[in-house]
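attaching a predicted model along with its sequence, questions to come.
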Amino acid sequence: MKKIISMALTVVMLLTAVVAFSACSKDDEVLVMATNAAFPPYEYVEGEEFVGIDVEIATAIAEKLGMELKIEDVEFGSIIGGVAEGKYDMGMAGMTVTEERKQSVNFSDTYATGIQVIIVKEGSAIASLDDIFVFDDEGNPTALKNPEVKVGVQQDTTGDIYSSDDITNWGLNDVEEDGTVTTDRVVRYKTGAEAVEALKTDKVDMVIIDNEPAKSFVAANEGKIHILSGDNEYAVEDYAICVAKENTELLEKINHALAELKEDGTVDKIVAKYINAGSSN
Ligand code: ARG
């Protein structure tokens with residue numbers, strides 16, 4: 001009897017080891033990246049395929065780590081939570097490093113710069129920030145030129161976060177001391193493309209979004225919309241890859257791979273493939 005029990009135990013232990021081993025080796029082979037593939041030229045869908053700067057850099061990183069890249073296309077707002085929970089290994093989505101996001105995830109070294117810009121419809125009364133804000137003598141916004149103004153953004157992006165803030169913080173809303181927002185000038189869409197459609201059909205007066213997607217959307221809608229030029233940029237940001245706080249090993253590996261890919265010119269080559277040399281940033 002004892003023998004049977006010990007044999008059974010050995011079998012169970014063996015099986016456990018096999019299962020544990022296969023589970024672990026499977027995880028080690030696949031690098032799951034969460035993104036929101038509606039953000040050209042960083043990530044978008046072409047035919048049946050995911051393409052773009054982030055997709056190619058991530059592929060190169062995975063290759064360096066000896067892993068296979070698997071892309072999960074999800075809502076932008078669910079990337080950070082999913083990464084923090086361990087549902088995805090990393091998030092790469094033209095994602096801006098912010099202090100608030102750093103509370104939930106760690107960020108890699110940055111690999112690109114983003115600028116928040118304003119898109120308006122052709123013939124819009126808004127030609128510069130002066131047509132949006134009333135400024136005090138120090139150049140700080142104190143009120144809106146047109147309190148009826150509506151801005152379209154992609155939900156949960158920095159464009160959303162900035163514009164939802166109080167006017168005195170360069171936002172478009174009135175926000176009370178306790179954080180209560182008493183206006184609804186910000187209209188949130190699932191994708192930047194939907195915000196741009198809303199602009200074209202006069203549902204909003206402007207869209208605040210990252211400059212490279214902005215250029216893509218303008219190119220796809222030539223003569224209908226344009227980016228406010230000159231000194232009308234909203235914010236300059238760093239893009240990085242996010243990883244779960246406890247996954248410091250992966251973060252280190254990613255940073256190491258990124259450094260090599262920057263140094264040997266791979267990152268520049270990928271960026272140049274998607275962004276015309278000579279265009280501003
Ligand atoms: N850079 C902005 C942010 O981090 C927008 C990113 C949107 N990315 C996307 N793949 N839709 O909030």
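Arrived safely.

element containing the closest residue to Ala259 other than its chain neighbours?
In space, and not counting its chain neighbours, Ala259 is closest to Asp109: 7.1 Å by C-beta to C-beta, 6 or more residues apart in numbering. To be clear about C-beta, it is placed using only N, CA and C from the backbone, and glycine gets the same treatment. Asp109 is part of no helix or strand, with elements assigned from DSSP states H and E.

Asp109 and Gly91, how far apart?
15 Å (C-beta to C-beta, to the nearest Å).

for Ile71, same thing?
Applying C-beta to C-beta, the value for Ile71 to Gly91 is 11 Å.

count of residues packed around Thr157?
Using other C-beta atoms under 10 Å, Thr157 has 26 other residues around it.

what's near enough to touch it?
Listed by C-beta atoms under 8 Å, 6 or more residues apart in numbering, the contact partners of Thr157 are Phe76, Thr96, Gly192, Ile209, Asp210.

what bridges to the nearest residue to the last one once chain neighbours are set aside?
Computed as C-beta to C-beta, 6+ apart, the closest residue to Asp210 that is not its neighbour in sequence is Gly114, at 4.4 Å. Per DSSP bridges, residues listed as beta-bridge partners of Gly114: Glu237.

so which residues on the chain come close to the ligand?
Residues of the chain that fall close to the ligand, judged by C-beta under 6 Å from any ligand atom: 35-36, 38-39, 43, 76, 93-96, 114, 154, 157-158, 210.

which of these count as buried?
Buried subset of those (neighbour count, 16 or more other C-beta atoms under 10 Å): 35-36, 38-39, 43, 76, 93-96, 114, 154, 157-158, 210.

among the residues you listed, which are in helices?
Residues of those located in helices (DSSP state H): Thr158.

low-scoring stretches of the chain, by residue?
For the chain, the stretches with pLDDT under 70 are 1-27, 277-281.

in it, which spans are helices?
Along the chain, counting by DSSP H, helices occupy 2-29, 53-65, 79-85, 99-102, 158-163, 192-200, 211-220, 248-263, 266-274.

any chance of the ones you listed in a markdown table, plus distance to Asn146?
Shown next, in a markdown table, are the helices of the chain (distance: least, C-beta to C-beta, whole Å):
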| stretch | distance to Asn146 |
| --- | --- |
| helix 2-29 | 53 |
| helix 53-65 | 36 |
| helix 79-85 | 34 |
| helix 99-102 | 29 |
| helix 158-163 | 15 |
| helix 192-200 | 16 |
| helix 211-220 | 22 |
| helix 248-263 | 44 |
| helix 266-274 | 36 |
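
among those, which is nearest Val175?
Between Val175 and these, the shortest gap by C-beta to C-beta is with helix 158-163, which sits at 11.3 Å.

tell me the helices and strands packed up against the closest one.
Packing partners of helix 158-163 (3 or more C-beta pairs under 8 Å, 6 or more residues apart in numbering; DSSP states H and E): strand 112-121, strand 151-154, strand 186-189, strand 206-210, strand 235-239.

what residues does that helix touch?
With C-beta under 8 Å, 6+ apart as the criterion, helix 158-163 contacts 96, 98, 100, 116, 151, 153-154, 169-173, 185-186, 188, 207-210, 234-235, 237.

hmm, try it at 10 Å
Outside of helix 158-163, the residues within contact range by C-beta atoms under 10 Å, 6 or more residues apart in numbering are 76-77, 95-98, 100-101, 114, 116-118, 151-154, 157, 169-173, 185-189, 192, 195, 206-210, 214, 234-235, 237.

give me the buried subset of those.
Using 16+ other C-beta under 10 Å as the burial test, these include 76-77, 95-97, 101, 114, 116-118, 151-154, 157, 170-173, 185-189, 192, 195, 206-210, 214, 234-235, 237 as buried.

which residues touch Lys245?
Lys245 makes contact with Val83, Ala84, Lys102, Gln103, Ser104, Val105, Asn106, Leu251, according to C-beta under 10 Å, 6+ apart.

centroid residue for the chain?
Met95 (3.0 Å; C-alpha atoms, centre = their mean).

isn't that one right up against Val243?
No: using C-beta atoms under 10 Å as the test, Met95 is too far from Val243 to be in contact (11.4 Å).

overlap in contacts of the two?
Joint contacts of Met95 and Val243 (C-beta under 10 Å, 6+ apart) are Val83, Val105, Phe107.

so how far is the ligand from Glu48?
Applying C-beta to the nearest ligand atom, to the nearest Å, the value for Glu48 to the ligand is 19 Å.
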